[in-house]
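# Return atomic coordinates for the entry below.
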Amino acid sequence: MTIQIPPPLGRWDDDERSDSKVLVICPTKDRPEFINTMLQNLAMQDMDIDLFIGDMSTDPKLLKNNWFLDTAIQHYQKVRKRKVILQRVEGHNQLFGYQAGLEYALDHGYDLCVGTDDDIIFEQSWFRRGRRLMDLLQGAGVLVGYTLLPFQTIDEQTAPDGYLDHPDYQGRLKECLWYHCSVLDPRMIQKDFEQVYGAFWFRPQDAKRV
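Residues are numbered from 1 along each chain as shown. Purely as a prediction, here's the structure:
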């Protein structure tokens with residue numbers, strides 16, 4: 001009996017290979033098991049990626065003293081030969097973690113960054129395909145996409161025809177459950193703002209200029 005092993009997912013052809021250095025920036029708080037899962041996920045990708053972990057945990061020693069996470073970091077560094085930066089970040093929201101990762105990327109010459117959350121799992125070719133798009137779209141500073149809820153069908157999460165082009169549309173898809181919170185603007189008029197829970201690509205130099 002012959003067992004056929006399927007070929008790996010397609011990689012870059014020689015004429016379209018990218019040498020862009022990619023850094024994944026992930027703020028996290030009190031979730032060592034999620035970061036461990038992320039490392040296993042990144043290890044299965046079909047391109048090499050460095051990881052910056054912005055540690056905002058309540059206990060500054062939580063991640064450093066976690067045996068499983070420490071083992072996963074060592075495995076990623078030794079097997080994939082890539083960097084994992086675990087840096088303590090003080091702040092009250094994820095933006096502080098992203099800012100610390102951005103500063104690291106600028107100081108260490110990264111061409112592209114991916115901002116993500118600690119509970120996101122990527123398809124095996126997600127980074128390769130995203131990097132190719134960023135290389136093709138040189139004028140784009142940021143690349144984002146949809147993140148679907150796993151417990152609903154695609155139809156349930158699709159906006160009705162004409163919805164997005166309606167003159168009163170303000171970025172809220174309440175019917176599709178893609179909205180996050182309601183806030184009051186300075187004029188005390190209540191508005192709904194959409195927050196998409198998804199990873200996004202960006203160029204650190206462009207982020208610095210902004």
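
# which residues sit against stretch 78-95?
The contact list for stretch 78-95 (C-beta atoms under 8 Å, 6 or more residues apart in numbering) reads 27, 39, 42-43, 48-56, 60, 63-64, 73, 76-77, 96-97, 100, 104, 117. In short, each C-beta sits where N, CA and C put it, glycine included.

# and that stretch, which residues are buried?
Burial within stretch 78-95, assessed by neighbour count using 16 or more other C-beta atoms under 10 Å, is assigned to 80, 82-86, 89, 94.

# what's the answer for stretch 97-106, then?
Neighbour-count burial for stretch 97-106 flags 97-102, 104-105 (criterion: 16+ other C-beta under 10 Å).

# looking at this protein, which helix or strand does the model trust least?
Lowest by mean pLDDT, DSSP states H and E among the helices and strands of the chain is strand 179-184, with a mean of 41.

# List just the nearest of the buried residues of stretch 78-95 to residue 140.
Distance ranking of the buried residues of stretch 78-95 against residue 140, using C-beta to C-beta, places residue 94 first at 22.5 Å.

# For residue 16, give me the pLDDT.
Looking at residue 16, its pLDDT reads 48.

# Kindly report the same for the one 3 residues further on.
The confidence metric pLDDT takes the value 70 at residue 19.

# Tell me where the protein is predicted with low confidence.
Low-confidence segments of the chain (pLDDT under 70): 1-18, 146-152, 157, 159-160, 163-197.

# Which among the contacts of stretch 78-95 count as buried?
27, 39, 42, 49-56, 63, 73, 76, 97, 100, 104, 117.

# Okay, and which of the residues you listed map to strands?
27, 50-55 (DSSP state E).

# okay, those in TSV with distance to residue 124 next?
Converted to TSV, these look like this (distance: C-beta to C-beta, whole Å):
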residue	distance to residue 124
27	24
50	18
51	16
52	21
53	21
54	25
55	27
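
# Out of the residues you listed, the closest to residue 68 would be?
When these are ranked by distance to residue 68 (C-beta to C-beta), residue 53 comes first, at 14.2 Å.

# how close does the closest one sit to residue 76?
The gap separating residue 53 from residue 76 is 11 Å, by C-beta to C-beta, to the nearest Å.

# same question, residue 82
For residue 82 relative to residue 76 (C-beta to C-beta), the value is 6 Å.

# tell me, what's touching these two both at once?
residue 51.

# ok, the residue nearest to the spatial centre of the chain - contacts?
Geometric centre of the chain, nearest residue: residue 116, 2.5 Å, by C-alpha atoms, centre = their mean. Applying C-beta under 8 Å, 6+ apart to residue 116 gives the contacts 24-26, 199-200.

# So which of those is surrounded by the most neighbours?
Compared across those, residue 25 has the highest neighbour count, 27 neighbours, by other C-beta atoms under 10 Å.

# Next up, phi/psi of that residue, please.
phi -110, psi 120 (degrees, to the nearest 10).

# I figured it hits residue 97, correct?
Yes: using C-beta atoms under 8 Å, residue 25 is in contact with residue 97, at 7.1 Å.

# If anything else comes up later, I'll come back, but that's it for now.
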